[in-house]
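Undergrad: compute the structure for the input listed below.
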Amino acid sequence: MKRILALILCGSMLALLFGACASKDEANPEQPQTESKSAVETKSNKETKTVPTASTAHDSGKKAGTKPETKPTEAEKPEDSAIKDVFDGDVAEAGFDGVVCAESDGRLIYESEASRYSSDTFFRIASVSKQFTAAAVLMLCDEGRLSVNDAIDKFFPEFYEHSRYMRDGTPLSDETMQRLRDNKVTVHHLLCMRSGIPDYLTLAYYDDSDGDSIPDVVSDVSPAYSSEKNRAAVKQWLYTTELSLPDQTFDYSNSNYLLLGEIIEQVSGMPYEDFITERILEPLGMNNTYFGEKTDISSLKFAHPDAENSENVWFRLNGVRYGCGDMISIASDLMIWARELMDGTEKKVLTDSMISRMTTNYSGGGYGYGLSINENMGMISHEGSLPPFSSILAVIPSQRFALVMFDNRYDSALKGLSQKLCSDFMRGRNA
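TA: You can find the predicted model right below:
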């Protein structure tokens with residue numbers, strides 16, 4: 001079995017499906033504020049650090065795309081060979097030729113060898129980015145600069161000031177608008193997808209065949225505009241579109257994390273991307289993880305879409321993926337993050353309290369803060385889909401098992417295969 005000596009000190013496994021959840025009444029989202037181990041006072045007048053480009057690395061000495069320094073791992077165990085044989089069979093049966101990497105107890109136990117790509121190929125990780133946004137929010141909470149109970153209009157005063165309209169143009173009644181003002185969305189609701197705010201990214205597939213008018217934001221967002229201008233158009237749509245009462249149900253919405261990215265920027269006084277880079281990526285040594293909008297990918301070993309799987313134009317627009325899906329990375333870098341989430345590993349940026357809050361099942365959809373929760377299997381995970389890119393990071397903290405998968409095809413076998421790989425690992429571990 002092929003071993004790579006790449007930043008691999010721990011393991012944990014995949015958690016890809018949503019489980020059942022505890023409601024807000026069952027779990028108080030506000031935890032005792034404990035100073036984050038990585039806490040540093042950020043001054044509003046601090047000089048902004050340049051976000052890495054193809055010629056600027058996190059540690060200001062390495063170029064983007066530089067392979068991480070290799071470190072020794074534990075010796076291969078006899079069961080690793082058996083797992084590799086099983087995984088080879090699963091991958092071949094699925095006809096999957098993207099990236100598959102798995103770790104257990106600090107050892108690389110599997111890396112697909114028939115892939116078109118390797119563990120140092122860059123991919124857009126899409127919604128896998130959300131857990132980094134959630135971690136950043138909790139850092140600010142633990143520093144006393146933010147609370148998950150803060151109402152949304154503390155950061156966006158216009159949120160309840162405008163009239164709101166249904167898709168057919170009918171305005172919401174005054175009674176409904178008052179109920180919304182009396183039951184405000186909080187940071188907690190944004191984090192666990194219970195805000196009632198609709199998903200602006202679904203507009204990429206907007207169908208007006210039923211006679212409804214196309215939302216203005218579709219034409220107000222343009223590839224010619226800056227990230228700030230496009231985000232302003234998205235927010236204006238969020239201020240006037242139909243809204244449901246918060247905490248009624250789980251409803252996955254990228255809008256929540258775009259707003260969280262803006263909150264991080266307001267509270268920290270730093271660009272969202274810089275905060276994530278300085279407070280999470282650099283301390284962990286994730287030197288090959290960047291923000292796609294801020295990075296020149298032309299010199300990177302990047303998995304570009306092929307002719308049959310071209311990118312959806314909407315997702316290439318500046319600002320559209322902000323806070324919810326703009327990161328690019330390589331498999332070995334995401335493994336570093338996976339170790340930070342595992343049981344029994346030395347933490348560099350997260351605290352046990354932060355991990356506990358991220359992995360609490362708050363929603364009927366089985367969602368914590370930026371992570372999907374499968375309580376039956378003890379797995380945490382998130383998948384990402386940014387057509388045509390697909391990605392998955394899954395961890396079983398108690399087993400110290402992690403799985404990372406990438407593909408540049410939206411309709412790939414990635415999701416079903418990831419579930420089978422995890423099940424087969426657990427079956428082999430418990431045999």
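Undergrad: okay, and for this protein, where does confidence drop off?
TA: Within the chain, the stretches with pLDDT under 70 are 1-76, 78-79, 113-115, 204-219, 306-315, 410-412, 429-431.
Undergrad: what's the first-to-last distance across stretch 333-351?
TA: Start-to-end span of stretch 333-351 (C-alpha to C-alpha, to the nearest Å) is 20 Å.
Undergrad: likewise stretch 282-295?
TA: Span of stretch 282-295 from end to end, C-alpha to C-alpha: 16 Å.
Undergrad: buried residues of it, list them for me.
TA: 282-284, 286-295 (16 or more other C-beta atoms under 10 Å). The way it works is simple: take the backbone N, C-alpha and C, and place the C-beta from them, glycine included.
Undergrad: tell me which two of those sit farthest apart.
TA: Within these, P283 and E293 form the most distant pair, 22.4 Å apart (C-beta to C-beta).
Undergrad: what segments of this structure are helices?
TA: According to DSSP state H, the chain carries its helices in the segments 78-94, 130-142, 174-182, 187-191, 216-220, 227-240, 254-268, 272-276, 282-284, 331-340, 352-358, 414-430.
Undergrad: what would those look like in TSV with distance to R164?
TA: Listed next are these as TSV, based on distance: least, C-beta to C-beta, whole Å:
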stretch	distance to R164
helix 78-94	45
helix 130-142	26
helix 174-182	7
helix 187-191	17
helix 216-220	14
helix 227-240	6
helix 254-268	14
helix 272-276	27
helix 282-284	41
helix 331-340	38
helix 352-358	31
helix 414-430	35
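Undergrad: tell me which of the ones you listed lies nearest to L201.
TA: Nearest of the helices of the chain (C-beta to C-beta): helix 254-268, 4.4 Å.
Undergrad: by contact count, what packs against the closest one?
TA: The contact analysis (3 or more C-beta pairs under 8 Å, 6 or more residues apart in numbering; DSSP states H and E) places helix 254-268 against helix 130-142, helix 187-191, helix 227-240, helix 272-276.
Undergrad: dump those helices to CSV, plus mean neighbour count.
TA: Conversion of those to CSV gives the following (neighbours: other C-beta atoms under 10 Å):
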stretch, mean neighbour count
helix 130-142, 25
helix 187-191, 25
helix 227-240, 18
helix 272-276, 24
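Undergrad: and these as CSV, adding distance to A338?
TA: CSV is the format used below for the helices and strands packed on helix 254-268 (distance: least, C-beta to C-beta, whole Å):
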stretch, distance to A338
helix 130-142, 10
helix 187-191, 20
helix 227-240, 29
helix 272-276, 17
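Undergrad: so which of the ones you listed comes closest to I330?
TA: Distance to I330, taken as C-beta to C-beta, is lowest for helix 130-142 among the helices and strands packed on helix 254-268, at 15.1 Å.
Undergrad: chain center to the closest one, what's the gap?
TA: Using C-alpha atoms, centre = their mean, to the nearest Å, the mean C-alpha position of helix 130-142 is found 11 Å from that of the whole chain.
Undergrad: tell me what it is packed against?
TA: Helix 130-142 sits against helix 187-191, helix 254-268, helix 272-276, helix 352-358, with contacts defined as 3+ C-beta pairs under 8 Å, 6+ apart.
Undergrad: of the helices and strands packed on helix 254-268, give the one that comes closest to E175.
TA: Using C-beta to C-beta, the helices and strands packed on helix 254-268 put helix 227-240 closest to E175, at 18.0 Å.
Undergrad: tell me what angle the closest one forms with helix 254-268.
TA: On the basis of axes from the mean of the first three to the mean of the last three C-alpha atoms, to 10 degrees, helix 227-240 is oriented at 120 degrees to helix 254-268.
Undergrad: now helix 227-240: how far from the chain's centre is it?
TA: That offset, for helix 227-240, works out to 21 Å (C-alpha atoms, centre = their mean).
Undergrad: what packs against that helix?
TA: Looks like helix 227-240 contacts helix 216-220, helix 254-268 (3+ C-beta pairs under 8 Å, 6+ apart).
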